[in-house]
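What follows is a predicted protein model with its sequence.
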Amino acid sequence: MGWLQLEFPLGEHDAERVTAVLESLDALAVTLADAADDPIYEPPPGATPLWQSSRVTALFDAAVERAPLLAALDGALSGMPAHRFTELADREWAREWLQHFEPMRFGRRLWVVPTAYSPPEPGAVNLILDPGLAFGTGSHATTALCLEWLDAHEARLRGARLLDFGCGSGILAIAGALFGAARVTALDIDPQALAATRENAERNGVLDRLEVGGPELADGHSHDLLVANILADPLRALAPALMAALPAGAPFALSGILVDQAEEVRAAYAPYAAMSAPVVRGDWVRLDGVRTLGGR
């Protein structure tokens, strides 16, 4: 068994309409991709961003007839753009995926291990996690920076209460629990992220120590440590609320920040905390701080 892949530029067409047309023609999957190396780092909240130049890829059963398919698209789109068909052979997709996601080490002894692998160091802190719909496997620089921060604060985490704001897959919250946190509050506005966090926490045997929900769960509670891997704009806006969740002396880490955004985020937290120099990895930084007595 195999598949037939059709690719063409989106051009001026509406993405939702093109997707609907392809699905009506029995496309098994439709994806949009950047066709010009034009990354979108921080779309507005609630927006569905598209690149300046986007490319559509549709996957069909190998038996589909190309001529009727193109004729139908030509009619629906008022002209078929330049396109390319590619025949894809059947493969063991799980094995293909494993070539790109293997056990990864963060800091001294934290490993993120896919379910298909045995932990390379059984005596280390092993977090079992597979890629899913929610962001966060450790492969992105911002997640890696936060995992390394948690590893460095293992002694502080034991018996403590951790706040993970913007939990995504739950990777940071689960790591905190595996390092011995007595209670972890994992917050996100995305229902898929909350579902993924619960599922991954259960797989790692720490669900009983997690509180998972929306940002309102943090209201009125004090936490011993904070990690927030979101984006620069919400981090700036949330500075008063996030700092209100920490007592004096509590350490915190902020990430999801581009290098040229670091100073503005740092300035937003300066009234509440003593901040360290940014930790840089590629285009991204992590900002570390300690809540101070003089903060509002």
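Arrived safely, thanks for sending.

Could you use CA atoms for every contact and neighbour count after this?
Fine.

Which secondary structure element is home to residue 32?
Per DSSP states H and E, residue 32 falls inside strand 29-34.

Check which helices and strands the next helix or strand after that strand sits against.
Toward the C-terminus, strand 29-34 is succeeded by strand 54-61 as the next helix or strand (DSSP H and E). When contacts are defined as 3 or more C-alpha pairs under 8 Å, 6 or more residues apart in numbering; DSSP states H and E, strand 54-61 sits against strand 2-9, strand 29-34.

closest one to residue 123 among these?
Residue 123 sits nearest to strand 29-34 of all the helices and strands packed on strand 54-61, at 40.9 Å, using C-alpha to C-alpha.

in the host helix or strand of residue 195, what counts as buried?
Assigned by DSSP H and E, residue 195 belongs to helix 191-203. The neighbour-count check on helix 191-203 (16 or more other C-alpha atoms under 10 Å) flags 193-201 as buried.

Then stretch 158-174?
Buried, per 16+ other C-alpha under 10 Å, within stretch 158-174: 158, 160-174.

and the end-to-end length of that stretch?
For stretch 158-174, the first-to-last residue distance is 13 Å (C-alpha to C-alpha, to the nearest Å).

Please compute how far it lies from its chain's middle.
Its chain's C-alpha centre and that of stretch 158-174 lie 14 Å apart, by C-alpha atoms, centre = their mean, to the nearest Å.

what's the answer for stretch 55-65, then?
28 Å.

what's downstream of the one helix or strand in the chain whose mean pLDDT sits lowest, the next helix or strand?
None of the helices or strands of the chain scores lower by mean pLDDT, DSSP states H and E than helix 93-98, at a mean of 50. As assigned by DSSP H and E, the chain's next helix or strand after helix 93-98 is strand 104-106.

For that following strand, which outside residues touch it?
In this structure, residues lying in contact with strand 104-106 by C-alpha atoms under 8 Å, 6 or more residues apart in numbering are 111-113, 138, 144, 147-148, 151.

any idea which of the residues you listed is closest to residue 78?
residue 138 (43.8 Å).

Make sure residue 108 is indeed in a helix.
No: using DSSP: H, G, I helix; E, B strand; the rest coil, the assignment for residue 108 is coil, not a helix.

Surely it touches residue 153?
No: the pair residue 108 / residue 153 is not scored as a contact, 10.9 Å apart, by C-alpha atoms under 8 Å.

Of those two, which one has the most company?
Per other C-alpha atoms under 10 Å, whichever of residue 108 and residue 153 has more neighbours is residue 153, with 15 against 11.

Model confidence for the more buried one, exactly?
Residue 153 is assigned a pLDDT of 97 by the prediction.

Repeat that for residue 158.
Note on residue 158: pLDDT of 97.

Once you drop chain neighbours, what's closest to it?
Nearest in space to residue 158, with sequence neighbours left out and distances taken as C-alpha to C-alpha, 6 or more residues apart in numbering, is residue 180 at 4.3 Å.

mind listing what the one you found touches?
Contact analysis of residue 180 by C-alpha under 8 Å, 6+ apart lists 154, 157-160.

Also residue 212?
Residues in contact with residue 212, defined by C-alpha under 8 Å, 6+ apart, are 185-187, 194, 197-198.

if you set the cut-off to 6 Å instead, what comes out?
Residue 212 is in contact with 186-187, counting by C-alpha atoms under 6 Å, 6 or more residues apart in numbering.

Check residue 196 too.
Residue 196 makes contact with residue 169 under the criterion C-alpha under 6 Å, 6+ apart.

buried sites along stretch 233-252?
For stretch 233-252, the neighbour count (16+ other C-alpha under 10 Å) marks 233, 235-236, 239-240, 242-248, 250-252 as buried.

Tell me the one of the residues you listed nearest residue 211?
residue 245 (15.0 Å).

Hmm, residue 114 and residue 130 touching each other?
Yes: between residue 130 and residue 114 there is a contact under C-alpha atoms under 6 Å: 5.1 Å.

Could you export the following helix or strand past the helix holding residue 195 as CSV, CA atoms only?
The first helix or strand that comes after helix 191-203 along the chain, using DSSP H and E, is strand 210-213. Extracted in CSV, the C-alpha atoms of strand 210-213 (Å, rounded to 0.1, in the frame of the first residue of the first chain):
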residue,chain,number,x,y,z
LEU,A,210,-0.4,17.6,40.0
GLU,A,211,-3.2,20.2,39.9
VAL,A,212,-4.0,20.7,36.3
GLY,A,213,-6.3,23.5,35.0
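
Sheet partners, orientation included, of strand 210-213?
strand 183-187 (parallel) (DSSP bridges).

This completes my enquiry, with thanks.
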